[in-house]
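Peer 1: Build me a model from this:
(one chain, ligands or ions: 1)
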Amino acid sequence: MKIYFAPLEGITGHIFRNAYNEIYGHIDKYFAPFISPSEKCPITPRERKEVTPENNQGFCLVPQILTCRSEHFIEGARELQAMGYKEINLNLGCPSGTVCAKGKGAGFLPETLALQKFLDDIYSYAGSDGVKISIKTRLGYFNPDEFYDLLDIFNKYPVSELIVHPRIKSDFYKGEPRKEYYAYALEHSKCPLVYNGNIFSAKDYEEYSGSFGTGLDPVMLGRGLISDPSLADKLKGFTAETDFAKFKRLHDTIYHEYQKVMSPDINVLYKMRELWSYWQTLFDGKERDIKRLLKAKKYEEYEDVVYHGLLLEN
Ligand SMILES: Cc1cc2nc3c(=O)[nH]c(=O)nc-3n(C[C@H](O)[C@H](O)[C@H](O)COP(=O)(O)O)c2cc1C
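Peer 2: Model (predicted):
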């Protein structure tokens with residue numbers, strides 16, 4: 001089976017990706033958090049640093065673009081092609097208020113005429129420049145029934161893969177995914193499908209596959225893979241248990257790599273806190289330590305909890 005690592009802005013940057021790939025691997029594609037091209041600049045130096053092949057060696061990376069302007073998509077995609085990328089992903093799912101207010105991400109979904117014009121332009125560029133474009137979408141903006149028309153639209157284009165996160169904008173990342181719409185996609189999509197949403201364990205994967213009557217392959221995992229970095233190994237049958245030695249290596253590598261590029265302590269600790277908001281599920285019964293760790297302002301306080309309280313001995 002194929003497993004794709006979902007893009008998580010602020011979390012799965014190149015530091016996380018490299019550490020994860022070196023220690024765990026077994027990911028078929030990593031999707032980079034979005035690049036948002038503007039009038040002035042298709043890719044900022046900061047975004048370039050994230051996706052440059054120099055910083056992403058030894059694994060397959062798919063960069064993602066967030067825009068509702070086809071000329072911006074094409075300019076950004078050309079720059080990415082020049083770096084060697086052969087697949088670019090279009091973000092039609094971001095639920096953030098500021099993004100949607102600009103008609104991007106999930107905010108592009110209700111504009112079906114503009115969306116078709118946009119897709120005409122970018123797929124005509126893709127055909128002539130020999131690049132694949134995949135799409136990551138939600139079901140709709142206001143109402144999941146928008147998905148019926150959206151799928152008809154996507155079916156008209158050579159979408160290399162259609163990644164469906166079966167929620168609408170206002171669902172954000174909460175509640176149960178609307179499985180019945182993914183079942184509809186399985187029946188009616190002409191594009192190769194990828195399921196994404198709420199797979200946190202091997203049991204979840206089995207249940208979702210069971211309810212769709214088919215193994216989800218490829219499957220895209222986001223928060224589940226951050227929360228339990230062994231999840232891909234579990235789904236692929238390499239292990240049945242969370243590997244804490246590997247987890248410690250992942251933690252230490254990310255922590256030290258952030259220290260090389262960030263200061264003061266608190267900035268690194270903000271990044272670690274975000275990760276711990278997911279990792280805490282691995283440490284049942286350690287709620288007090290996690291609380292202390294989330295409050296740490298200096299490396300010494302943080303390390304005291306991580307390496308003594310949480311038993312990740314240094
Ligand atoms: C903090 C955060 C950042 C995200 N950033 C992106 C992003 O840059 N691009 C994107 O397509 N999706 C983004 N997503 C959505 C995830 O890729 C994924 O679709 C979502 O988390 C549902 O999958 P999951 O239940 O496996 O986590 C983000 C989600 C979260 C929670």
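Peer 1: so who does the residue in the stretch 201-314 of the chain positioned nearest to the ligand touch?
Peer 2: Distances between the stretch 201-314 of the chain and the ligand by C-beta to the nearest ligand atom are smallest at residue 222, namely 2.7 Å. (C-beta placed from N, C-alpha, C; glycine too.) The contact partners of residue 222, taken as C-beta atoms under 8 Å, 6 or more residues apart in numbering, are 5-8, 196.
Peer 1: May I have the phi/psi pair for it?
Peer 2: Residue 222 adopts backbone torsions of phi -120, psi -90, taken as degrees, to the nearest 10.
Peer 1: what's the spacing between it and residue 177?
Peer 2: Computed as C-beta to C-beta, to the nearest Å, the residue 222 to residue 177 distance reads 12 Å.
Peer 1: again, but for residue 54
Peer 2: As for residue 54, its distance to residue 177 is 36 Å (criterion: C-beta to C-beta).
Peer 1: Between these two, which is the more surrounded one?
Peer 2: Using other C-beta atoms under 10 Å as the criterion, residue 54 and residue 177 rank with residue 177 on top: 20 against 9.
Peer 1: how near is the more buried one to residue 211?
Peer 2: Relative to residue 211, and taking C-beta to C-beta, residue 177 is found at 10 Å.
Peer 1: before we move on, what about residue 134?
Peer 2: Distance from residue 134 to residue 211, by C-beta to C-beta: 24 Å.
Peer 1: Comparing those two, which shows the higher neighbour count?
Peer 2: A side-by-side neighbour count of residue 134 and residue 211, using other C-beta under 10 Å, places residue 134 first with 21 against 12.
Peer 1: tell me the secondary structure for that one?
Peer 2: Secondary structure for residue 134, judged by DSSP: H, G, I helix; E, B strand; the rest coil, is strand.
Peer 1: Which pLDDT value belongs to it?
Peer 2: On pLDDT, residue 134 comes in at 98.
Peer 1: show me what contacts it?
Peer 2: 62, 87-90, 159-163.
Peer 1: still on that earlier bit, which two of the contacts of residue 222 have the greatest separation?
Peer 2: Spanning the widest gap among these are 8 and 196, at 11.6 Å by C-beta to C-beta.
Peer 1: So which of these two has more stuff around it?
Peer 2: Set residue 8 next to residue 196 and count neighbours by other C-beta under 10 Å: residue 196 wins out with 25 against 17.
Peer 1: Wait, the more buried one touches residue 220, no?
Peer 2: Yes - counting by C-beta atoms under 8 Å, residue 196 does reach residue 220; the two are 3.9 Å apart.
Peer 1: Assess the claim that residue 79 and residue 44 are in contact.
Peer 2: No - Residue 79 lies out of contact with residue 44 (C-beta under 8 Å); the separation is 11.0 Å.
Peer 1: so who does the nearest residue to residue 34 once chain neighbours are set aside touch?
Peer 2: Closest residue in space to residue 34, ignoring its immediate chain neighbours: residue 66 at 3.9 Å, by C-beta to C-beta, 6 or more residues apart in numbering. By C-beta under 8 Å, 6+ apart, the contact list for residue 66 reads 34-36, 91, 94, 99, 104-105.
Peer 1: at 7 Å instead, please
Peer 2: Residue 66 makes contact with 34, 36, 91, 94, 99, 104-105, according to C-beta atoms under 7 Å, 6 or more residues apart in numbering.
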